[in-house]
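1. sharing a model that was predicted from the sequence below.
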Amino acid sequence: MAAEEALTREDALVRVEELTVRFPVEGGHRTVVDDVSFEVHAGEVLGIVGESGSGKSITSLSLLNLVDDPGEIVSGRVLLDGADVLKMRGTALQRVRGAEIGMIFQEPMRSLNPVFTIGKQLIETIRAHEDVKPADAYDRSVDWLRRVGLPNPERVMRSYPHEMSGGMLQRAMIAVALCCRPRLLIADEPTTALDVTIQAQIIDLLLDLRDETGMAMLFITHDLGVIAEVADSVLVMYGGHVVERGDVFSLFDHPQHPYTDALLKARPMPGQRLDRLPTISDEVRRIAAAGVTA
Amino acid sequence: MTGAAAVGEPVAQETVVLDATDVVKHFTSRGEGHGAAKQTVKAVDGVTLRIREGEMFGVVGESGSGKTTFGQSVLRMHEPTSGSVRFRGEEILGLRTRELRRLRPKMQYIFQDPFGALNPRLSVAAAIGEPMRAHGLASRNDERDRVAEVLEQCGMDADAMDRYPHEFSGGQRQRIVIARAMALRPEFVVADEPVSALDVSVQGQIVNLLTDLRDQQRTSFLFISHDLSVVEHMCTSVAIMYRGRIVEQGTRDQIFTDARHPYTQELLAAVPIADPHQRGRRRGRVVTREWDDPDAVRPELVDVGDGHLVAL
Amino acid sequence: MSGGGELIVSQAVDPEIGPGQPHPDAGARSGRSGRRRSLWGESFARLIRMPAASISLAALVFMLLFSFVGPFLTGYTGDELNLPIANHIPTMDHPLGTDEYGRDVLTRLMLAGRISLTIGIASMLLSLLLGAVLGIIAGYYGGIVDSIIMRVADLLMSIPGLPLLIVMAAVLSELKVDPSSRIYIVMLLLSAIGWPSLARLIRGQVLSLREAPYMKAAEVLGLSAASRQFRHLLPNVMPLLIVVATLSTASGILSESALSFLGLGVVPPNASWGNMISAANNLIDFQQHWWLWVPPGVALLITIAAINVFGDRLRDVFDPRMRK
């Protein structure tokens, strides 16, 4: 056991241990993330799948210590190179955010500052983490915009978020997140708000970037179809805890937990013409909520 | 050219519930700055289709396709710029407000966003009951009973009646929205992306609900969606919209097994497949859309056999 | 468990929980369990729990009681002349001393409160009524109706309030209107000045709410225009209205005080906090008879501060919660 641990400890880029997050509600607290542990290895895509409210987004925010009041991280550690992110403050934390771990969100329109041009936000991000001259930062920004597939990158540099479409904005957000070459990219439902054809392109883009840079990805979604396309390993979450985990092939071929099984069946497959779509029963939800892990 | 042939055999006029012909909706905005020309957005640029009684007709498109505008135009939530919309043979585009209100119970709308579609300051009972009373489907005495009935039909407990929208989850709110629409016993319902705002796992419940309601009440649905898998499951006829026009239209089989238009093919190829063994199938493909020339005249729909229409 | 096609039409169990929402146990089907409360009741309960809100509310209640009930308890009428003890420093008999005519300052302070508060509240109600009705009509109908109403509002807003009031009040003085009627006239003047900004705020709110999906829904459901405006739109405008009303009361009280201080609003023998403070204009009173002008100043301070704090908390209670 110790040898195994030693091995995984070396491999893991980020290690989350017993993370617990709660929010105050009338009459007490609600535990939104309950004793969650997992690892992400370099170059790996870990998919976290769960329904709304399963705690997957809060988990990802915790990795960057971004859980705001009134929520609080009650216990747990987030180890990056052995150092606990949750204990970091000031410049050390700032370094992690952006330069070590990048993040993209579901609604690009809301995550980019509407009063700054894309170029300004990119340059600012680069110069916040690295000591480069403005001209170099500009060049690098243009380069990244090109890399994420935006035509006419110089023009995009001068554009404001509201002038761009959803798909273009999401690409720009990816550029901002990656411009400082983080080792891990957290993508929280990055394609949910996008058209399906754009979604496909963004997924392809992210995978290409992963191949080029060797970065790891934490990909959060409620859509198992996307997980199948993207993930190497999968965590299934419900009600704040991990219900099942494994590599993507085993999970899809032989789901162990009834909830995972129900989730897989809930999605209409192409070519399938059922009388009724399967749904997830109360029974299964009860089991999942009880915290029985497969 | 018309959609009548699109569903196969010649259609008797009386079973057609909704007959939309060449519906056009343009939005003009004053240009920005001095002297700039007015800009016209052709949101819907000539759409024709027919929906029969009890049919689930799917309209698929992405943002900018005009599908929502079309769905709203058909109910006169926007006034169409031109065209004709007949409900059971009666032209509704020229109707005056009072006559239109008489027809309202028969033609309803389900919103995409369950969070915005319910008035936050009305209880569920009031939200569902008031329209029923206004159209004579319930009286003051039996209003609560009727509301309870409709809620149960839509899978909600009757005691949801006295609660407010913010106390419910998205899926539950969508049920309330559906209940509110179905309480009027409509014959035709435009369902605008009713499940898009919901988790995939919850979509099934709502989809099943709509199918049940259709079976129980022979309601016709115009089912607007960007999600092909759901449409394939539910709809017997499908039209694909792109930038204001239908580019392909046909039966479910025709569209899903024999897609001819490149946009339809693109849509089908983009649907994520929940099978990791099949990934990588489309990696590295670049989408060019050479067939989409903004300056060229757009091709008309052509029947390629058995009512399968393609605009090429 | 995993058969294809588990028909669950009757169970609407959605685990869409965010912080603050109850975790739906299997079986919880219709939202939050617990007592049913009206929306207003819930808001009020939340409001009371905030310390700033309850303290300021208590202060307001105190000032109201002080002004309206207090005079019955002091044993003076506030009009009794008692020249021998004029300008006397506070004693047990006269806790706030006496004024130049020997009248009990405490009682006069309370009576002044009655007038100042009444004027503030009444003028607020009037301008609210005017502003709300005009704002809703302008916002809902748009077009030329909107233009006319807004241009009139703009006109009134572009004239500086206090100078206008001063001019109008000076005109009234010339016309030798009797002091009691002046109070009502001041109220009307304040409302005339106050309604445009209210109307603007409400119109803005109506404009944005008008496009909300639930308003379109009301139209598709075939509800009448009257119902849409008053049963559907108005309740959503109410929270803003209430906050705005509260805050404009403060402004009304202050305006009246300023006018009266200048001798143009409420004039002697009637007392208002404003005209009591004008004692400070007299050097001797200012230096030697602090009990004449400090208490009304403090009373004003407490009242205005309490109204503002309460109004702020009201805004907090209404805004983020109702949005979801």
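-> That came through fine. Being a predicted model, the structure only gives us computed values, none of them experimental.
2. now do the same contact list for C:Asp104.
-> Each residue near C:Asp104 by Cβ atoms under 8 Å, 6 or more residues apart in numbering or on different chains is listed here: C:Thr74, C:Tyr76, C:Gly78, C:Glu80, C:His94, C:Leu96, C:Thr98. Yep, even glycine has a C-beta here, placed from its N, CA and C like the rest.
3. next, count neighbours for the last one.
-> In this case it means C:Thr98. By the other Cβ atoms under 10 Å in any protein chain shown criterion, the neighbourhood of C:Thr98 contains 29 residues.
4. for the stretch 201-324 of chain C, give me the ranges with low pLDDT.
-> Regions of the stretch 201-324 of chain C meeting the criterion pLDDT under 70 cover residues C:319-324.
5. interface residues of the stretch 201-324 of chain C facing chain A?
-> Proximity of the stretch 201-324 of chain C to chain A is not found for any residue under the rule Cβ under 8 Å from any Cβ of the partner chain.
6. residue in the stretch 201-324 of chain C with the shortest distance to chain B?
-> Ranked by Cβ to the nearest Cβ, the top residue of the stretch 201-324 of chain C for proximity to chain B is C:Gly222, at 3.1 Å.
7. what's the neighbour count on the residue nearest to that residue when sequence neighbours are not counted?
-> Distance criterion Cβ to Cβ, 6 or more residues apart in numbering or on different chains; nearest residue to C:Gly222, sequence neighbours excluded, is B:Arg104 at 3.1 Å. Summarising burial for B:Arg104: neighbours were counted as other Cβ under 10 Å, giving 21.
8. could you check how far A:Ile123 is from chain B?
-> Between A:Ile123 and chain B the distance, using Cβ to the nearest Cβ, to the nearest Å, works out to 28 Å.
9. can you list the buried residues in whichever strand or helix holds that residue?
-> Counting by DSSP states H and E, the element that carries A:Ile123 is helix A:118-129. Residues of helix A:118-129 classed as buried: A:Ile118, A:Gly119, A:Gln121, A:Leu122, A:Ile123, A:Thr125, A:Ile126, A:His129 (neighbour count, 16 or more other Cβ atoms under 10 Å in any protein chain shown).
10. C:Met110: which of those residues is nearest?
-> Distances from C:Met110 to those, taken as Cβ to Cβ, are shortest for A:Gln121 (60.1 Å).
11. for that closest one, give me its contacts.
-> For A:Gln121, the contacting residues are A:Leu112, A:Asn113, A:Val176, taking Cβ under 8 Å, 6+ apart as the criterion.
12. same thing with A:Ser141?
-> Taking Cβ under 8 Å, 6+ apart as the test, what A:Ser141 contacts is A:Gly119, A:Leu122, A:Ile123, A:Ile126, A:Met157, A:Ala175, A:Cys179.
13. next up, identify which helix or strand it is on.
-> Secondary-structure element containing A:Ser141, defined by DSSP H and E: helix A:134-147.
14. can you give me the offset of that helix from its chain's centre?
-> A distance of 24 Å separates the centroid of the chain from that of helix A:134-147, by Cα atoms, centre = their mean, to the nearest Å.
15. rewinding a little: and chain C, which of the contacts of A:Gln121 reach it?
-> Applying Cβ under 8 Å from any Cβ to the contacts of A:Gln121, one finds that nothing falls near chain C.
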